[in-house]
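Q: sequence first, then the predicted structure, then my questions.
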Amino acid sequence: MSDIAPGWFKDPADPTTQRYWDGDGWIGAPIPADATPPAGAPPVATSAPTPPATPPAARPVDPTPPGAPMPVPGAARPTEPAGAHRPPPPGWPPGYPYPYPRTGPAPRPHGLALAGVGTRFAARLVDVIAVLLLCAVANGWFAYQWWQSFLPFLREVREYQLNGGPVPQSSVVNNLLLMMCLVATAVWFAYEVPGSANSGQTLGKRLLGIKVVRLESDERLGFGRAFRRWGRLGLPTLLWSCCGIGFVLQFLDCIFVAIDRPMHQALHDKAAATVVVQVARSRPTDPAHLSQSARGGGSHADPR
């Protein structure tokens, strides 16, 4: 220990400041040489608390083992052998490393499997055939009148092509064609919207075992949601008479099912926030009914 008593003295390293000598060494921060020092020793600054250690799983892993030479900048790192197991990063689900592109389990809205693309196309084909048959009945008279007006118009067009003259026009043909499109749209609306609003199924969907549901809940669609879904696909029917523009729009809408990921939504599904799922078909569960069906005979009436 030094013979110099503790106290405030000029700092030999910087005479413009003074510091406190505790008998063994300088402590505390320096103050100006002309300032009045405080009585006693200055408070000693405590060291900052040590932050908690980072969990081992979150620490970045140095690929260079202890004692190995440092990698040369720009040099290629050694690759891991094929099939080497690496633990997943923190918070990642099991299965790491994932294949590219990353694949995961198919979504199951409300616990139900998504309807397959082929199944949806088949159901839509059944619905189209059903609507066409209904339209053939509803548009029968308009179709007959259109054909009776179209034949003279066609003869005028051929005459114009051969001999020239005024360009043939027929407002009756165009008006009847527009009327048939209106009737077809109304028939399609009556066929699809009520069924989708109540049960989420049309005839085609019922036969193929699929159903339309809301994306956010398993409640029934209701009229507003069902109309919004149908309108995106059905209203372009009015444009069939405009060089088939409506048909092109409907085709692109339906084919979007095959390219959308991961929910396989058509454009009319996205417009209404709906998704099509596979539902279990009803099967007989009565053991007596099952055994009787297996024998292939007898009545299927409920004995109760």
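A: Noted; the coordinates are in hand.
Q: tell me the mean pLDDT over the longest helix along the chain?
A: Here the longest helix in the chain is taken by residue count, with DSSP state H as the criterion, and it is helix 171-198. For helix 171-198, mean pLDDT is 90.
Q: which strands or helices does whichever helix or strand comes after that helix pack on?
A: Proceeding N to C from helix 171-198, the next assigned helix or strand is helix 203-208, under DSSP states H and E. Contacts defined by 3 or more Cβ pairs under 8 Å, 6 or more residues apart in numbering; DSSP states H and E place helix 203-208 against helix 117-138. In this view, the C-beta of every residue, glycine as well, is placed from N, C-alpha and C.
Q: mind saving the C-alpha coords of stretch 216-223 as PDB?
A: Once side chains and other backbone atoms are set aside, the C-alpha atoms of stretch 216-223 remain, and they are given as PDB (Å, rounded to 0.1, in the frame of the first residue of the first chain):
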ATOM      1  CA  GLU A 216     -64.500 -18.700 -42.500                       C
ATOM      2  CA  SER A 217     -67.100 -20.900 -41.000                       C
ATOM      3  CA  ASP A 218     -69.200 -24.000 -41.600                       C
ATOM      4  CA  GLU A 219     -72.500 -22.100 -41.700                       C
ATOM      5  CA  ARG A 220     -74.800 -22.400 -44.700                       C
ATOM      6  CA  LEU A 221     -74.100 -19.900 -47.500                       C
ATOM      7  CA  GLY A 222     -77.300 -18.000 -47.400                       C
ATOM      8  CA  PHE A 223     -78.900 -16.200 -50.400                       C
END
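Q: other residues contacting it?
A: Contacts with stretch 216-223, where a contact means Cβ atoms under 8 Å, 6 or more residues apart in numbering, come from 110, 193-194, 196-200, 212-214, 229, 272-274.
Q: go again with 7 Å.
A: The list of residues contacting stretch 216-223 from outside it, by Cβ atoms under 7 Å, 6 or more residues apart in numbering, reads 110, 196-198, 200, 212, 214, 273-274.
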